[in-house]
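>>> return a 3D structure for these sequence lines:
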Amino acid sequence: TKNDAIIHLAHLGVNRRMFLRTISRAAAPLRVALLPAVANVSRAGFHTVSRPTRAYFPRKIALAGLVGLSAVTAFSLATSTPALTADSAKKDAPETVEGKVGKVGDLAPGQMKEVVVEDVKVLLSNVDGKLHATGIKCPHYGAPLDKGLLAGELVYCPWHAAAFSVVTGEVDAAPSIDGIPVYTVRTEGDDVYVSIPKGAKTEDKAPYPKKGHLCKCSEKRVFVIVGAGGAGLVAAQTLRQDGFKGRVIMITKEEELPYDRPMLSKQVGLPIEKTKLRDEAFYKTHDIEVHRGSEVSEVDVKGRQVHFSDGSSLAFDSALLATGASPIRLPIPGNGLEGVHMLRTAKDSASIAQSTEGAKKAVVIGAGFIGLEVASWLRKNKKLDVVIVGLEQVPFERQLGPEVGGALQKLAEENGVTFKLGRSIKEITGSDRVDGVVLDNGETIQADLVVMGTGVRPETRMIKGANMAKDGGVIVDSTLKAADGVYAAGDIAWFPYSLSGDQARIEHWVVAQDQGRVAAHNMMGKNIPYKKVPFFWTNQFGAGLRFAGYAPVYDEVIIDGNLKGRKFVAYFVHKNKVQAVAGMGAEPVVQAAMELLGRGAMPDLDTLRKGGVDLIAHLRKVTEQ
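Got it, this is the predicted structure:
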């Protein structure tokens, strides 16, 4: 009976040393009763059991359970009543299946590979000589993690650079909002075995927040999150994960629950049910209140009050300002005609999709990421004739430079998109509905619909009492604090960029989510600085570009690879230092660049200029040091 109890505790993440340390402080009768059992379990190989379910069952909870079991056992010894029977221990322990997956020497430190247990694909990783088994699918969009990058104990998704600990399974970097399951690894001689729960699937993910963090809402404190985008959702669930027991209230003027905003331009008109980040049950389970359709008229930072347009108010103890940005509508004649669209919300995306019915010609204003992603969808999915009008001489000229921007322009042109660059729109024509646009040179272009992708501005008009930047953003410190008890994250936050110390405001989905996580930790008093290297991605006409770092200005772009073949890495240099890296057809090289930028360990410029640099191999050398 006691052996079964100890084995059960092992599956909850308690190793022999932790067990011995705990019972050594217990009553003498308990020590006498359990120590022989510990010896028996040790001989059975207990010491080789790793912590399989830390992503589901934190160590503190496991230890608390162990201490509780010790107390119950001591009481039962005194009263001669069994505290835990073999049958009950076996009943509580999860059923598992085990499979032999290889030899101890198959993986060197820093390597990972796919293994299979009972038709379930599993990721096996070697971190500093210790083997770890986890889920192999990224919970974000299902990318195979074995095709990604292993750096220390972090595995990076090859598609969008979400990062997970292969030791705990926890999310380290967005855009995933869930962790990966962690499985048991044991060795017997040179053989390696992995155990997984019976009924496990390759695509399983670990719920986030972890089990055991459900709210009892016993505190009277109120934490408010103004905004329900990526930053807001991640902050809300992180508060619960951190053990906050008060009210968590998310406020949004939209009628929808938080959704995957990057999908609005990449897959225009995708049904909202397919873009929701969490379902209704998640918010109910974790006692997260989502006040939808709520228009905020003022956030009184100093008075710690949120005022609504209906005249009601809400007091808070701490708040996260994550209000995002609003699209800029060009102040030109005809900008309000039917068929002229902005793109920021799910309703905007659905409206654009609806306008394509019966349409043949579209004009996209703006040669940035939103503009080209929408153009890609209009051409590929709706077969419309698409003209992009932009002030730049080359798309993305400011962000990516003429060489990389030119490669993306060529890609679009090969797929039938026409560009009118170095031009602006003088007028949008039509009576009730748009029928064309007039350029600044007098040229007229027919259009059945127009999409404006002309930038955004911080949505902060309602924020009073914070330190505001000239563009309307909120100035925060390294912990994202805007004022006592008030934090800001995402599109509105001007924060000190950790790699340069310069103030930065970055409108990226991944940045918003990561900042939401850090802000929530700090609302709980952890005082953690935000130090992530920014990352974003774009997909156009079946090709993807990944970008890591921050380079608002640069004086050199080093191209390594083939621009025409769209298989290259570009290094953006300022003051003789690589500030950012972009790549096409080079996954997971950009993920390696993220790690190297964060570590300050990029190769020197002379080496990069020679070309042929293997960033993954370079990172491996850096981590080995």
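
>>> distance check, residue 400 against residue 271.
If you measure residue 400 against residue 271 using C-beta to C-beta, to the nearest Å, the figure is 32 Å. Backbone N, C-alpha and C define where each C-beta goes, glycine included.

>>> and the two? Which one has more around it.
residue 400 (24 against 11; other C-beta atoms under 10 Å).

>>> so who does that one touch?
Applying C-beta atoms under 8 Å, 6 or more residues apart in numbering, one finds that residue 400 lies in contact with 408, 547, 570, 582.

>>> for the helix or strand harbouring the last one, which positions count as buried?
Which is residue 582. When elements are defined using DSSP states H and E, residue 582 is found to belong to strand 577-584. For strand 577-584, burial by neighbour count (16 or more other C-beta atoms under 10 Å) applies to 578, 579, 580, 581, 582, 583, 584.

>>> residues near the nearest residue to the second one once chain neighbours are set aside, how many?
For residue 579, the nearest residue in space outside its immediate sequence neighbours is residue 551; the separation is 3.9 Å by C-beta to C-beta, 6 or more residues apart in numbering. Using other C-beta under 10 Å, residue 551 has 21 neighbouring residues.

>>> give me phi/psi at residue 551?
The phi and psi torsions at residue 551 (degrees, to the nearest 10) take the values phi -140, psi 80.

>>> if I look at it, how far off is residue 351?
With the distance defined as C-beta to C-beta, residue 551 ends up 34 Å from residue 351.

>>> what's the answer for residue 373, then?
Relative to residue 351, residue 373 is positioned 16 Å away (criterion: C-beta to C-beta).

>>> those two - which one has more neighbours?
Between residue 373 and residue 351, counted using other C-beta under 10 Å, residue 373 has the larger neighbour count: 23 against 17.

>>> residues contacting that one?
Taking C-beta under 8 Å, 6+ apart, we find residue 373 in contact with 265, 266, 538, 539, 540.

>>> packing partners for the strand or helix carrying the first one?
Right, the one you point to is residue 265. Counting by DSSP H and E, the element that carries residue 265 is helix 263-266. Here helix 263-266 touches helix 346-355, helix 369-382, going by 3 or more C-beta pairs under 8 Å, 6 or more residues apart in numbering; DSSP states H and E.

>>> got a markdown table for those, with mean pLDDT and distance to residue 498 too?
As requested, those are arranged in a markdown table below (pLDDT from 0 to 100; distance: least, C-beta to C-beta, whole Å):
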| stretch | mean pLDDT | distance to residue 498 |
| --- | --- | --- |
| helix 346-355 | 97 | 33 |
| helix 369-382 | 97 | 24 |
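
>>> tally of neighbours for the nearest residue to residue 231 once chain neighbours are set aside?
Counting by C-beta to C-beta, 6+ apart, residue 231 lies nearest to residue 516, which is 3.5 Å off, once chain neighbours are set aside. Residue 516: 30 surrounding residues under other C-beta under 10 Å.

>>> and residue 516, how far from residue 488?
As defined by C-beta to C-beta, residue 516 lies at a distance of 10 Å from residue 488.

>>> which neighbours do those two share?
Taking C-beta under 8 Å, 6+ apart as the criterion, residue 516 and residue 488 both touch 320, 322.

>>> can you list contacts of the strand or helix carrying residue 289?
Applying DSSP H and E as the criterion places residue 289 in strand 288-291. Among residues not part of strand 288-291, those counted as contacts by C-beta under 8 Å, 6+ apart are 228, 236-237, 240, 247-252, 257-258, 282-283.

>>> where in the stretch 51-200 of the chain is pLDDT low?
Counting by pLDDT under 70, the ranges of the stretch 51-200 of the chain that qualify are 51-93.

>>> what about the helices in it?
Along the stretch 51-200 of the chain, the stretches classed as helices by DSSP state H, counting those that start in this stretch are 59-79, 86-92.

>>> before we move on, back to that, next, format the buried residues of strand 577-584 as JSON lines and append pLDDT and distance to residue 380.
Below are these laid out as JSON lines (pLDDT from 0 to 100; distance: C-beta to C-beta, whole Å):
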{"residue": "578", "pLDDT": "98", "distance to residue 380": "34"}
{"residue": "579", "pLDDT": "98", "distance to residue 380": "33"}
{"residue": "580", "pLDDT": "98", "distance to residue 380": "28"}
{"residue": "581", "pLDDT": "98", "distance to residue 380": "28"}
{"residue": "582", "pLDDT": "98", "distance to residue 380": "23"}
{"residue": "583", "pLDDT": "97", "distance to residue 380": "22"}
{"residue": "584", "pLDDT": "97", "distance to residue 380": "18"}
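
>>> what pairs with the strand holding residue 289, and is each one parallel or antiparallel?
In its sheet, strand 288-291 lies beside strand 247-251 (parallel), with partners assigned from DSSP bridges.

>>> can I get the partner strand in PDB? Just the C-alpha atoms.
Listed next in PDB are the C-alpha coordinates belonging to strand 247-251 (Å, rounded to 0.1, in the frame of the first residue of the first chain):
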ATOM      1  CA  ARG A 247     -12.100  39.800  -9.500                       C
ATOM      2  CA  VAL A 248     -10.600  39.900 -13.000                       C
ATOM      3  CA  ILE A 249     -12.700  42.100 -15.300                       C
ATOM      4  CA  MET A 250     -11.900  42.600 -19.000                       C
ATOM      5  CA  ILE A 251     -13.600  45.500 -20.700                       C
END
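
>>> doesn't the residue nearest to residue 231 fall inside a helix?
Yes - counting by DSSP: H, G, I helix; E, B strand; the rest coil, one finds residue 516 located in a helix.

>>> rewinding a little: pull the helix holding residue 265 out as PDB, backbone CA atoms only.
This file holds the C-alpha atoms of helix 263-266, laid out as PDB (Å, rounded to 0.1, in the frame of the first residue of the first chain):
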ATOM      1  CA  MET A 263      -6.200  36.300 -39.000                       C
ATOM      2  CA  LEU A 264      -8.300  39.300 -40.000                       C
ATOM      3  CA  SER A 265      -6.000  40.200 -42.800                       C
ATOM      4  CA  LYS A 266      -4.400  36.800 -43.500                       C
END
